[in-house]
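Engineer: Quick check, what structure comes out for this input:
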Amino acid sequence: MDAPFSVFDTLIDRSNLSSDKWSKYPENVIPMWVADMDFDSPDCIKKSLNQRVEEGVYGYTHTPKALGKVIQSHLSRRYDWDVSAAHLVHLPGLVCALHLSVRVFSNEGDGIVVPGPIYYHLTKAPLVSGRELLSVDMVIQNGRWLPDMAQFEAACAKSNSKMILLCNPHNPGGTVYTKTELLSIHALAKKYDLIVVSDEIHCDLILDDLPHVPFASLNQDAANRTITLMAPSKTFNIAGLGYAFAVIENAELRQAFNQEKAGLIPSPNMLGLTAAIAAYEEGQAWHQALLVYLKNNRDFLVQRIAATPLKMVHLESTYLAWIDASDLQLENPYQFFLDAGVGVSDGKDFGNSNYIRLNFGCPQSILDQAMTRIEEALIKHKLM
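Structural biologist: Model (predicted):
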């Protein structure tokens, strides 16, 4: 196997690597915020990158046909989703594609329906482009975070509604939407003739025995109105190499998207392309070992949290725990965790300041250390 568990237990010093994650806080704070794991990337990726660097010429590079083929194989194998290579749009990142989609497929003043709390770029994209953000509450239903469907329909029914921004699996909260749940959302998109932009970057990080259903794979109508955004970056820990892709089956939508990105969004760099091919072609064993390790980390975290006043709905996917600190009755939960020496993501950036988001994509020894700091702070302040 490419990845024995010792690979994930290994501590890697990132303090001198210009790491966003590890440079945000002082040295005495454990950074557990941005969606960036502290694991060594698969050997197959490092080998491919080294070979490409050794070639010594780093000129303009177009997307190799091999990448389209391995993506097609990956989507077919994991999701039973057959996609034409012609429907792929290769990108330097997912966030820029999200913002571009809002600007290409809606106009100023149009309504963008977004269920949340949610990853902040899905709310930022409408707001910074002069669109109206039509927020839909995610609520706990049978132990899972799901949109309030009555609110969802009311938002879609507004006269200026133009688009739905979906995050599947959902970040934060980890919900893996079932096919039935997605069909309910699709019914609204079809009824009110809305474009769907589906952020599916965490689709390869499902921790339970659940299938990921790409929104565009539901039926032909869904395929015709959806821009699907995916990337190997979160799964294989290669976000710094800058590669993502969109699947846009509708030729008219794809042409409009490509036309607007020309000259504004650069092509992916050659190392990102190289890493993506290696990841999808040879990284399966490492990927499966990663999922086992992350599941163990999740279960470890759940056990520790259960002994505190903190709460967490079962996380079906991702390595990003969405933790409810409301019972602590703190003015600023984020600052409390930071003062305890654990740098988490502030829940207010996602839509609820009573929550924090904690990244457990790290060696379990680091997670143990972080939870010990949190427990000690709770005891110190007589909160447990």
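Engineer: and the longest helix for the protein?
Structural biologist: For the chain, the longest helix by residue count, based on DSSP state H, is helix 284-306.
Engineer: Can you dump the C-alpha atoms of that one in CSV for me?
Structural biologist: The C-alpha trace of helix 284-306 is given here as CSV (Å, rounded to 0.1, in the frame of the first residue of the first chain):
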residue,chain,number,x,y,z
GLN,A,284,-6.3,5.3,-4.9
ALA,A,285,-4.5,3.2,-2.2
TRP,A,286,-3.2,6.4,-0.4
HIS,A,287,-6.7,7.8,-0.7
GLN,A,288,-8.4,4.8,0.9
ALA,A,289,-5.9,4.8,3.8
LEU,A,290,-6.5,8.5,4.3
LEU,A,291,-10.3,7.9,4.7
VAL,A,292,-9.7,5.3,7.3
TYR,A,293,-7.4,7.6,9.2
LEU,A,294,-9.7,10.6,9.0
LYS,A,295,-12.6,8.4,10.2
ASN,A,296,-10.6,7.3,13.2
ASN,A,297,-9.8,11.0,13.9
ARG,A,298,-13.4,11.9,13.6
ASP,A,299,-14.5,9.2,16.0
PHE,A,300,-11.7,10.2,18.4
LEU,A,301,-12.8,13.8,18.3
VAL,A,302,-16.5,12.8,18.9
GLN,A,303,-15.6,10.8,21.9
ARG,A,304,-13.6,13.7,23.5
ILE,A,305,-16.3,16.3,22.7
ALA,A,306,-19.0,14.1,24.2
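Engineer: State the distance from residue 323 to residue 208.
Structural biologist: Here the criterion is CB to CB, to the nearest Å. By it, residue 323 lies 19 Å from residue 208. Where you see a C-beta, it was placed from the backbone N, CA and C, and this is true even at glycine.
Engineer: Neighbour count for those two, which is higher?
Structural biologist: residue 323 (23 against 13; other CB atoms under 10 Å).
Engineer: I figured the more buried one was touching residue 354, is that so?
Structural biologist: No. Assessed by CB atoms under 8 Å, residue 323 is found out of contact with residue 354, at 9.8 Å.
Engineer: right, and residue 330 touches residue 336 too?
Structural biologist: Yes. Distance between residue 330 and residue 336: 5.1 Å, which falls inside the contact criterion (CB under 8 Å).
Engineer: Between the two, which has more neighbouring residues?
Structural biologist: In this comparison of residue 330 against residue 336, neighbours counted by other CB under 10 Å, the higher total goes to residue 336 at 20 against 16.
Engineer: Okay, and the more buried one sits in which element?
Structural biologist: Residue 336 is part of helix 333-339, with elements assigned from DSSP states H and E.
Engineer: Would you mind pulling the contact partners of that helix?
Structural biologist: For helix 333-339, the external contacting residues (CB atoms under 8 Å, 6 or more residues apart in numbering) are 25, 29, 325, 328, 330, 343-348, 353-356, 374, 377, 381.
Engineer: do that again at 6 Å, thanks
Structural biologist: Under the criterion CB atoms under 6 Å, 6 or more residues apart in numbering, residues 325, 330, 344, 346, 356 lie in contact with helix 333-339.
Engineer: Can I get these in JSON lines including secondary structure, pLDDT and distance to residue 146?
Structural biologist: Conversion of the contacts of helix 333-339 to JSON lines gives the following (DSSP: H, G, I helix; E, B strand; the rest coil; pLDDT from 0 to 100; distance: CB to CB, whole Å):
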{"residue": "325", "secondary structure": "coil", "pLDDT": "98", "distance to residue 146": "22"}
{"residue": "330", "secondary structure": "coil", "pLDDT": "96", "distance to residue 146": "27"}
{"residue": "344", "secondary structure": "coil", "pLDDT": "98", "distance to residue 146": "24"}
{"residue": "346", "secondary structure": "strand", "pLDDT": "98", "distance to residue 146": "23"}
{"residue": "356", "secondary structure": "strand", "pLDDT": "98", "distance to residue 146": "21"}
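Engineer: Among the residues you listed, which one is most surrounded by other residues?
Structural biologist: The contacts of helix 333-339, ranked by neighbours (other CB under 10 Å): first place residue 356, 28 neighbours.
Engineer: For residue 220, give its distance to residue 367.
Structural biologist: According to CB to CB, residue 220 and residue 367 sit 44 Å apart.
Engineer: So these two - more neighbours on which side?
Structural biologist: Residue environment comparison for residue 220 versus residue 367 gives the larger neighbour count to residue 367, 23 against 9, counting by other CB under 10 Å.
Engineer: Cool, thanks, signing off.
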